[in-house]
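In: Could you look at this predicted model? Sequence included:
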Amino acid sequence: MNLIQKIKEASRPFLIAGPCSAESPEQVMSVAKKLAASGKTQLLRAGIWKPRTRPNSFEGMGDIALPWLVEAGRETGLPVTTEIANRNHTELALKAGVDVLWIGARTTVNPFAIQEIADVLKGVDIPVMIKNPVNPDLDLWIGAFERLEKAGVRDLSAIHRGFSIYKHPKYRNVANWEIPIALRERLPNIPIICDPSHISGNRDLLLEVSQKAMDLNFDGLMIETHPTPEKAWSDAAQQLTPEALNILLNQLVLRTNDSSYLEHKELHDSRMKIAQLDDKLFDFLTERMQLAEKVGLFKREHNITILQQEHWTKSITARLSKSEEYNLSERFIRQFMDAIHQESIRHQTKVMNNRQ
Ligand code: PEP
Ligand code: MN
């Protein structure tokens, strides 16, 4: 099958659904039948080998579950996909007749594992979806695409599943939407699927993450679906029943990406004004950096360090306390101030070390 073409031809979102893990033939078949009946799912997923963080979690049923997935696909007419992480998985999945392979986040981080998979796939005509690596590294993600492309695998798609973080206040993983957006810039022809299940880790948050992905013009969604989610052997908190999945899909607001609207006068005028403000913002930044250099000269003359922690803490705290007044999030203020500060340090370092 040609997955890229299918994704491009489907009405958004191209939907991949199915359980986190295949648990029994009945579980896979019952969820597949319900998904097929509603007509929205285009690709059936189920994990056969599960890369779990801790060793005592359920690690998947292994090879014996491959025919359960393939059989559920045949019975319902849905193509099927599973995660592969090494040579053995890849060979077994190909032999079993799995239609599409996906590479998980814990595998994308490892170029040896990716190369091993690419070597098995040399000369094999099968679509592969590559999840982002667990760490927010765009080049590592792109490297996996390049390894597979070099092996001749042409039908490649991306899955954005968020990035590991220690204690996110809300989600299981941090979305870092700018990374899939940057991937799209670098590899414009690769479809991008969002996996809100692994980003949020919580079924109550699936709608907001899915909506965001649609608003960012992602091509599709991969959502974990289980007949009895609370009893699932893996990722119980984030799975949905097929019925709840239908409700979620009906609640999604799908907006157009029609570029003819870009000519609209009102939009054009606002964008012009924004561009002028951005120009001003950069003029201010230039002026600010000139002052930072002046301060740098003073520090050099008096032999004091570039970083004056107390002063910096004071300036950032002052800005953060005005977050409501500015109507800007504290997170944004911090990131923006950190970026300005880094640039300021760069300018001062240049001035400090200019000894002629
Ligand atoms: C999964 O899809 O079940 C999975 C293990 O995903 P990830 O590689 O994103 O953790
Ligand atoms: Mn899962």
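Out: It's in. Ligands and ions are numbered 1, 2, ... in the order given.
In: Okay, now the unreliable bits of the stretch 151-300 of the chain?
Out: Within the stretch 151-300 of the chain, no stretch falls below the threshold (pLDDT under 70).
In: count of residues packed around the residue in it positioned nearest to ligand 2?
Out: Closest residue of the stretch 151-300 of the chain to ligand 2, Cβ to the ion: Asp235 (3.8 Å). Quick note: C-beta positions are derived from backbone N, CA and C, even for glycine. The tally of other residues near Asp235 (other Cβ atoms under 10 Å) stands at 23.
In: Can you classify Ile159 as helix, strand or coil?
Out: Classification of Ile159 by DSSP: H, G, I helix; E, B strand; the rest coil places it in strand.
In: That one contacts Trp102, doesn't it?
Out: Yes. Judged on Cβ atoms under 8 Å, Ile159 makes contact with Trp102 at a distance of 6.6 Å.
In: so what's in contact with the two at the same time?
Out: Taking Cβ atoms under 8 Å, 6 or more residues apart in numbering as the contact rule, Ile159 and Trp102 both touch Met129, Ile130, Lys131.
In: residues in contact with the last one?
Out: Taking Cβ under 8 Å, 6+ apart as the contact definition, Lys131 lies against Trp102, Ile103, Gly104, Ala105, Thr108, Ala158, Ile159, His160, Arg161, Asp195.
In: ok, the second one to Val120 distance?
Out: Distance of Ile103 to Val120, given as Cβ to Cβ, to the nearest Å: 12 Å.
In: Give me the more crowded residue out of the two.
Out: Ile103 (26 against 19).
In: give me the beta-bridge partners of that one?
Out: As for beta bridges, Ile103 partners with Ile84, Ile130 under DSSP bridges.
In: Check the gap between it and ligand 2 for me.
Out: When distance is defined by Cβ to the ion, to the nearest Å, Ile103 is 14 Å away from ligand 2.
In: What of Ala37?
Out: The spacing between Ala37 and ligand 2, counted by Cβ to the ion, is 23 Å.
In: care to break this protein down by domain?
Out: With domains defined by automatic domain parsing, the chain comprises 3-257, 260-352.
In: how about these in a markdown table, adding distance to ligand 1?
Out: Listed next are the domains of the chain as a markdown table, based on distance: least, Cβ to the nearest ligand atom, whole Å:
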| stretch | distance to ligand 1 |
| --- | --- |
| domain 3-257 | 3 |
| domain 260-352 | 24 |
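In: Just name the most buried of those domains.
Out: Comparing the domains of the chain by mean neighbour count (mean count of other Cβ atoms under 10 Å), domain 3-257 comes out on top with a mean of 19.
In: end to end, how far does that one reach?
Out: In domain 3-257, first residue to last residue: 21 Å (Cα to Cα, to the nearest Å).
In: likewise stretch 56-69?
Out: This stretch, stretch 56-69, spans 24 Å end to end (Cα to Cα).
In: Over to stretch 169-178?
Out: Across stretch 169-178, the terminal residues are separated by 19 Å (Cα to Cα).
In: Give the rounded mean pLDDT of the host helix or strand of Phe112.
Out: According to DSSP states H and E, Phe112 maps onto helix 111-121. The average pLDDT within helix 111-121 is 98.
In: helices or strands up against it?
Out: The contact analysis (3 or more Cβ pairs under 8 Å, 6 or more residues apart in numbering; DSSP states H and E) places helix 111-121 against helix 87-96, helix 105-108, helix 138-150.
In: Okay, angle between it and helix 138-150 too, please.
Out: Put simply, helix 111-121 runs at 20 degrees to helix 138-150, going by axes from the mean of the first three to the mean of the last three Cα atoms, to 10 degrees.
In: Can you show me the strands along the stretch 201-350 of the chain?
Out: Remark: strands assigned in the stretch 201-350 of the chain by DSSP state E, counting those that start in this stretch are 220-224.
In: now the helices: where do they sit in it?
Out: With DSSP state H, counting those that start in this stretch, the ranges of helices along the stretch 201-350 of the chain come out as 206-215, 242-251, 265-301, 309-320, 323-326, 330-353.
In: List, one by one, the residues from the stretch 101-250 of the chain near ligand 2.
Out: Taking Cβ under 5 Å from the ion as the measure of proximity, the stretch 101-250 of the chain contacts ligand 2 at Asp235.
In: rerun that using 6 Å as the cut-off
Out: Contacts of the stretch 101-250 of the chain with ligand 2, taken as Cβ under 6 Å from the ion, map to Glu224, Ser234, Asp235.
In: Distance to Glu287 for these - can I get that in TSV?
Out: Shown next, in TSV, are those (distance: Cβ to Cβ, whole Å):
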residue	distance to Glu287
Glu224	51
Ser234	55
Asp235	51
